[in-house]
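Trainee: turn this into a structure:
(one chain, ligands or ions: 4)
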Amino acid sequence: MAVHKVTTVFSICLILIHASKLAHSAMDPYKALNIILNPNGTLTRLSIPPQSPPSPDPTLPTPVLSKDLPINKSNHTWARIYLPHQAQDHSPNHKLPLIVFYHGGGFLFYSAASTYFHDFCVRMAHATQSVVVSVDYRLAPEHRLPAAYEDSVEALHWIKASKDRWLRHADYSRCYLMGESAGGNIAYTAGLRAAAEVENLKPLKIEGLMLIQPFFGGTKRSPSEIRLAEDKTIPLPITDLMWNLSLPFGVDRDYEYSNPTVHGGDKILDGIKVLGWRVAVFGCEGDPLVDRERELVKLLQQKGVHVAGKFYEGGRHGIFVGDPSMSVHVFNHLKTLY
Ligand SMILES: *[C@@H]1O[C@H](CO)[C@@H](O)[C@H](O)[C@H]1NC(C)=O
Ligand SMILES: *[C@@H]1O[C@H](CO)[C@@H](O)[C@H](O)[C@H]1NC(C)=O
Ligand SMILES: *[C@@H]1O[C@H](CO)[C@@H](O)[C@H](O)[C@H]1NC(C)=O
Ligand SMILES: *[C@@H]1O[C@H](CO)[C@@H](O)[C@H](O)[C@H]1NC(C)=O
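Mentor: Ligands and ions are numbered 1, 2, ... in the order given. Have a look, this model is predicted:
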């Protein structure tokens, strides 16, 4: 795959630059995202975000080891596993919590190898002394939803059955699903699906969901979407296009995948309450998605789910991964759960 050398980190930064160059009213989301939609429904992505190789060599002094393993070769899904180096010095009985991580990118972009998410996972594994499994799921529009959800649940079954030596350092009874942006949406939906089959997943036991600026939508604009319609990171034409390219054909944004509040919320939320999962939703006022995230918190509260809304002033979409001083809030919250 040709890696285009862009002077700034793609994604948020690239979107920001392109979006601010274009007149607000004439904003072309294809140009801003640097993509071409082909007649056969595939996407040509003209900027591939920078990637990092894994660091599997235990003789190197890196604080966190990482390696890639296939999940399902027929669907080209795989995972990058992160193991704190110190874990190897512990006795086999001393196990670390397990975080299953889903990267963001509007369901269209990025992979578990992207430097942006790789660096975040390294910092998280180190700061919280956790084993992290970052899932590389199939992207839209080549594979529309629910493909990413199916891959994400398949990843949980794969972890459950894995005989990998690194995963032996993970405490399967202390598992958290985490995702950022579209990955937060995926962690939520994978969580709903996993809650419906907890017996099948044993000994893997999910204790909670960590949703970092999860990407949700709806046909009716929220106040923060209106207030921040011309946001430099994710203006409405971009989020609208992301939904158009990722939702199944023929549905609108008031579909259960994009809008978790339709039909009064999913029935399985009652099950999540009984399971006692801890849910945390991270957001900030400078993100057009913030009101949807608050709505999700409200829904979960109404359902009696144990949920913490962690909202911050200012900021922008992507800040909890992109700004290490903000990632610390996520890591510190995790440590209170351990
Ligand atoms: C779809 O079209 C693009 C651009 O013409 C081409 O590169 C790609 O191979 C095609 N993919 C399939 C699956 O036909
Ligand atoms: C991979 O996916 C295919 C298609 O869903 C399935 O038939 C196969 O059993 C899966 N392989 C593994 C190793 O899970
Ligand atoms: C793998 O992909 C095939 C075809 O795209 C799909 O039918 C199947 O459900 C996928 N497997 C999983 C586990 O999602
Ligand atoms: C999304 O799809 C709707 C319905 O097909 C269309 O009206 C709208 O222009 C599309 N928006 C974008 C940004 O592609």
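
Trainee: low-confidence ranges in the stretch 151-300 of the chain?
Mentor: Of all residues in the stretch 151-300 of the chain, none has pLDDT under 70.

Trainee: now the helices for it?
Mentor: For the stretch 151-300 of the chain, applying DSSP state H, counting those that start in this stretch gives helices covering 182-195, 198-201, 223-227, 236-246, 268-275, 290-302.

Trainee: need these in CSV with distance to ligand 3 and mean neighbour count, can you?
Mentor: Where you see a C-beta, it was placed from the backbone N, CA and C, and this is true even at glycine. Output for the helices of the stretch 151-300 of the chain, formatted as CSV (distance: least, CB to the nearest ligand atom, whole Å; neighbours: other CB atoms under 10 Å):
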stretch, distance to ligand 3, mean neighbour count
helix 182-195, 12, 26
helix 198-201, 14, 12
helix 223-227, 32, 15
helix 236-246, 15, 20
helix 268-275, 20, 17
helix 290-302, 25, 19
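
Trainee: which among those helices is found nearest to ligand 1?
Mentor: Nearest of the helices of the stretch 151-300 of the chain to ligand 1, taken as CB to the nearest ligand atom: helix 236-246 at 14.5 Å.

Trainee: skipping its backbone neighbours, what lies nearest the residue most central in space within the chain in space?
Mentor: In the chain, the centroid-proximal residue (CA atoms, centre = their mean) is G183; its distance is 2.0 Å. The spatially closest residue to G183, leaving aside those adjacent along the chain, is Y102, at 3.6 Å (CB to CB, 6 or more residues apart in numbering).

Trainee: ok, the one you found - contacts?
Mentor: The neighbourhood of Y102, defined by CB atoms under 8 Å, 6 or more residues apart in numbering, consists of 134-135, 137, 152, 177-180, 182-184, 186-187, 190.

Trainee: ok, longest strand in this structure?
Mentor: Looking across the chain with DSSP state E, the single longest strand is strand 170-180.

Trainee: buried ones in it?
Mentor: Buried residues in strand 170-180, defined by neighbour count with 16 or more other CB atoms under 10 Å: 170-172, 174-180.

Trainee: circling back to that earlier point, and the residue nearest to the centre of the chain, how far is that from H263?
Mentor: As judged by CB to CB, to the nearest Å, G183 and H263 stand 24 Å apart.

Trainee: before we move on, what about V297?
Mentor: Taken as CB to CB, the spacing of V297 relative to H263 amounts to 18 Å.

Trainee: again with F282
Mentor: For F282, the distance to H263 (CB to CB) stands at 26 Å.

Trainee: and R138, by the same measure?
Mentor: Distance of R138 to H263, given as CB to CB: 27 Å.

Trainee: the more surrounded of those two?
Mentor: R138 (18 against 10; other CB atoms under 10 Å).

Trainee: what about the closest residue to the more buried one other than its chain neighbours, how many neighbours?
Mentor: For R138, ignoring the flanking residues on the chain, the nearest one in space by CB to CB, 6+ apart is A147 at 4.5 Å. By other CB under 10 Å, the residues close to A147 number 19.

Trainee: okay, now the closest residue to R174 other than its chain neighbours: neighbour count?
Mentor: On the basis of CB to CB, 6+ apart, the spatially nearest residue to R174 that is not a chain neighbour turns out to be P97, at 4.3 Å. Neighbourhood size, P97 [other CB under 10 Å]: 21.

Trainee: number the chain from 47, please
Mentor: Renumbered: residue one is now 47, and that last one reads P143.

Trainee: ramachandran coordinates for P143?
Mentor: Main-chain dihedrals, P143, degrees, to the nearest 10: phi -60, psi 160.

Trainee: and it, how far is that from P109?
Mentor: Going from P143 to P109 by CB to CB gives 17 Å.

Trainee: please apply the same query to L257.
Mentor: 27 Å.

Trainee: kindly report the same for R299.
Mentor: Look at R299 and P109: by CB to CB, they are 42 Å apart.

Trainee: can you give me the buried ones in stretch 128-146?
Mentor: Buried residues in stretch 128-146, counting neighbours by 16+ other CB under 10 Å, are found at 128-131, 133, 141-146.

Trainee: show me which pair in the residues you listed is furthest apart.
Mentor: Distance extremes for these: the farthest pair is H131 and V146 at 20.6 Å, using CB to CB.

Trainee: up against ligand 4, what does the protein have?
Mentor: Within reach of ligand 4 by CB under 6 Å from any ligand atom, the chain has these residues: 75, 283, 286-287, 290.

Trainee: downstream of the helix or strand where M170 lies, the next helix or strand is which one?
Mentor: Applying DSSP states H and E as the criterion places M170 in helix 161-174. Next helix or strand after helix 161-174 toward the C-terminus (DSSP H and E): strand 177-182.
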